[in-house]
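1. Quick one, fold the following:
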Amino acid sequence: MFRTLCLEHVNDVHEVSVPGSKPDEVIKVPLFTSDLSPVIEGRFVNNEAVFFGPEKGPDGKPVPVARGPLAKANRQLFLFIPSQGREGKPAYEVKAYDDDTGSFAMGSVRAINLSPVPVRFVVSGSPSPQIPAAKFAQFSHPKKVDEYNMFPVAVEFLSGDGKWVTGQSASWKATDRRRDIVVTLVNSKFKLPEVRMYSDFPPWLETQAAQP
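-> As a prediction, the model looks like this:
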């Protein structure tokens with residue numbers, strides 16, 4: 001089972017597909033850019049997630065538009081990242097993460113660094129360890145909050161001269177009712193640091209809570 005999150009649509013591809021568990025079954029997979037997709041069940045082989053577009057190749061088979069190695073988890077989040085038009089590459093690179101609440105708990109932040117430089121998070125005045133390029137880290141919401149359960153966060157990027165440059169300063173809410181996914185990157189158009197945040201309440205927890 002998996003969900004998807006797309007950073008940016010490429011070639012107007014808003015939906016991809018994967019084989020289903022039954023012969024000739026095709027599962028449609030939406031690519032949302034502002035929220036995570038619903039939970040989807042698909043079939044993958046050789047420990048690789050491969051997604052297909054609407055076009056077919058000379059052999060009559062669907063053409064892959066996104067691919068990447070699977071994570072080792074029953075529930076996975078696939079992050080679709082534009083491949084920046086690299087020759088011979090599909091439109092998207094896929095990075096897979098464990099989506100289970102056992103490894104990514106409620107009340108936690110998963111920080112995914114897609115920028116070419118290290119980043120860090122200054123949470124309630126305390127800087128986190130550096131997160132190298134292409135890596136991720138997780139941390140819990142802090143205990144030090146104000147009367148509204150808010151806490152200050154500064155997301156900083158390491159510049160070429162060794163100084164930390166603030167990419168975002170904001171107040172976040174501490175709560176065990178959701179998880180936060182934060183993606184740090186350098187905007188491809190303006191070449192400036194960018195921070196994207198996605199709040200998540202796993203839909204299977206709602207299903208479990210509704211069961212008698």
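2. Output the lowest mean pLDDT helix or strand found in the protein.
-> When the helices and strands of the chain are compared on mean pLDDT, DSSP states H and E, helix 203-210 comes out lowest with a mean of 70.
3. which phi and psi does the residue nearest to residue 194 when sequence neighbours are not counted have?
-> Nearest-residue entry for residue 194: residue 187, 4.6 Å, with adjacent residues in sequence omitted and distances by C-beta to C-beta, 6 or more residues apart in numbering. C-beta coordinates here come from the backbone N, C-alpha and C atoms, glycine included. Note on residue 187: backbone dihedrals following degrees, to the nearest 10 are phi -60, psi 130.
4. for residue 80, what are its contacts?
-> Neighbour list for residue 80: 4-7, 31, 66, 92-94 [criterion: C-beta atoms under 8 Å, 6 or more residues apart in numbering].
5. between these, which is nearest residue 154?
-> Nearest to residue 154 among the contacts of residue 80 is residue 7, at 22.3 Å by C-beta to C-beta.
6. Let me see the confidence value for the closest one.
-> At residue 7, the model reports a pLDDT of 95.
7. Tell me how many other residues surround it.
-> 18 (other C-beta atoms under 10 Å).
8. Quick check: strands, which of the contacts of residue 80 are part of them?
-> Taking DSSP state E as the definition of strands, the contacts of residue 80 contribute 4-6, 66, 92-94.
9. Nearest the middle, which residue of this protein would you pick?
-> Geometric centre of the chain, nearest residue: residue 79, 4.3 Å, by C-alpha atoms, centre = their mean.
10. so how far is residue 11 from it?
-> Going from residue 79 to residue 11 by C-beta to C-beta, to the nearest Å gives 18 Å.
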